[in-house]
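> Dropping the sequence and predicted coords here.
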Amino acid sequence: MKAAVFEAPGRIAVTEVADPVCGDHDIIIDVDYCGICGSDLHSYVEGAFVEPGQIMGHEFSGTVSVVGAAVTGISTGTAVTARPLSHCGTCPRCLEGLGNLCEVTLTSSVAYGLPGAFAERVRIPNAVAGENVFPLPAGLGRAAAACVEPMAVALRLAKSAKPTSADTAVVIGLGSIGLNTVQMLRALGAGQVIGIDLSPARLDLAARLGATHIVNAREQDTLAAVQALTGAGVGGVGARADIVVEASGVPALLSQAVGMTRAGGRLRIAALYESEVTLDMNQTVQKEMDISGSFAYDREFPEVLEILQEGRAVAEPLITHTFPLEDINEAFSVQLAKDSSVKVLVAAQSSS
Ligand SMILES: [Zn+2]
Ligand SMILES: [Zn+2]
């Protein structure tokens with residue numbers, strides 16, 4: 001089959017590789033679409049989370065083409081999406097019910113250690129319907145289905161911020177995760193959501209997806225804009241947002257996010273940073289802030305499918321480009337151009 005193999009930062013080769021072999025507990029999916037994730041950009045540019053020889057790609061949809069002898073409840077010909085991250089079930093974090101923090105996730109999952117879905121076919125080990133393989137609900141297109149994975153990331157993040165109708169939330173950085181977080185915060189009932197970005201196209205999209213206010217950081221003082229809605233913080237310093245989500249990956253904006261969060265507020269960090277970040281930690285103490293990172297997802301896939309089916313969030317408007325597998329390097333360069341793209345998909349079957 002044809003697959004895109006990571007060779008070195010900035011270089012992915014589309015080449016012929018052996019077809020995946022289906023074990024008794026596995027299934028093989030003929031991939032329709034696979035999205036480029038923000039974390040894939042870190043892999044592509046810096047070589048993060050990836051070794052040469054890896055087939056990347058973990059946000060995908062497709063059709064089940066082979067079912068292992070011991071797999072029940074999944075049949076060939078079914079349109080599905082699948083959760084790429086595996087968990088061992090026996091490490092301390094798994095035993096605690098935090099499968100997303102499993103100690104072996106990043107070395108033995110699809111696209112992380114095992115071959116990913118920037119390929120014509122992908123193997124899902126230990127396939128269990130409703131656990132890591134999800135048939136698409138009626139009406140959900142295959143391109144949209146490739147976006148369930150990043151939406152699961154956003155849903156976990158939004159849930160952890162515990163939004164209520166009385167809350168004003170700020171989302172800094174409106175890439176795919178930021179925009180999906182705007183949608184999920186609203187879907188979970190956040191009263192006001194302020195979206196901040198530099199790109200007019202992304203800001204417009206945020207407004208369409210439920211942001212009640214948008215702030216173009218190139219044209220406006222972002223702190224003043226948040227203060228106008230929440231009031232200034234104690235002593236006139238910072239602002240009083242109940243929830244702030246940092247999804248830009250710009251170190252200075254994380255520092256600003258600390259200032260925007262009210263005393264007792266929730267700061268959630270979704271981005272990855274290319275360098276160390278300096279923060280005024282005294283503020284986090286004085287404001288007794290609830291700060292946490294949010295990593296991937298655990299059991300959010302079925303909830304995302306339900307939210308999509310109910311129309312409480314949408315996937316298609318975020319998809320700005322689709323490239324054939326052969327053009328994956330171009331797809332990555334378009335995904336890196338933040339002003340003109342949101343979610344770039346790779347179409348794996350030459351006919352699609
Ligand atoms: Zn992803
Ligand atoms: Zn584990």
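On my side now, so go ahead. Ligands and ions are numbered 1, 2, ... in the order given.

> Tell me the pLDDT of Asp290.
pLDDT, Asp290: 97.

> can you tell me how far it sits from ligand 2?
Here Asp290 is placed at a distance of 26 Å from ligand 2 (CB to the ion, to the nearest Å). In short, each C-beta sits where N, CA and C put it, glycine included.

> Please state the backbone phi and psi of that residue?
phi -100, psi 100 (degrees, to the nearest 10).

> Mind telling me what element the residue nearest to Leu336 when sequence neighbours are not counted is part of?
Of all residues beyond its chain neighbours, the one nearest Leu336 is Leu41 (6.1 Å), with distances taken as CB to CB, 6 or more residues apart in numbering. Secondary structure assigned from DSSP states H and E places Leu41 in helix 38-46.

> could you pull out the strands for the stretch 201-350 of the chain?
213-216, 241-246, 261-269, 290-293, 319-324, 343-347 (DSSP state E, counting those that start in this stretch).

> Quick one: closest of those to Leu101.
strand 290-293 (10.6 Å; CB to CB).

> List of residues touching that closest one?
Applying CB atoms under 8 Å, 6 or more residues apart in numbering, the external contacts of strand 290-293 come out as 160, 264-270, 284.

> Please list only the buried members of those residues.
160, 265-270 (16 or more other CB atoms under 10 Å).

> Take the residues you listed and lay them out in CSV including distance to Ala225 and pLDDT.
As requested, the buried ones among the contacts of strand 290-293 are arranged in CSV below (distance: CB to CB, whole Å; pLDDT from 0 to 100):
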residue, distance to Ala225, pLDDT
Ser160, 25, 97
Gly265, 17, 98
Arg266, 20, 98
Leu267, 18, 98
Arg268, 20, 98
Ile269, 21, 97
Ala270, 21, 94
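
> from those, which is closest to Pro150?
Ala270 (10.6 Å).

> which residues touch the residue nearest to the closest one when sequence neighbours are not counted?
Excluding its sequence neighbours, the residue lying closest to Ala270 (CB to CB, 6+ apart) is Ala247, at 4.4 Å. Residues in contact with Ala247 (CB under 8 Å, 6+ apart) are 171-175, 177-178, 181, 270-271.

> Do me a favour and get the backbone dihedrals for the residue in the stretch 251-352 of the chain that ligand 2 sits nearest to.
Residue nearest to ligand 2 within the stretch 251-352 of the chain (CB to the ion): Asp298, separated by 11.3 Å. Per-residue torsions, Asp298: phi -120, psi -80 (degrees, to the nearest 10).

> And the pLDDT for it?
Reported pLDDT for Asp298: 91.

> burial measure for it, as a count.
18 (other CB atoms under 10 Å).

> Please tell me I have it right and it contacts Cys102.
No: the pair Asp298 / Cys102 is not scored as a contact, 9.3 Å apart, by CB atoms under 8 Å.
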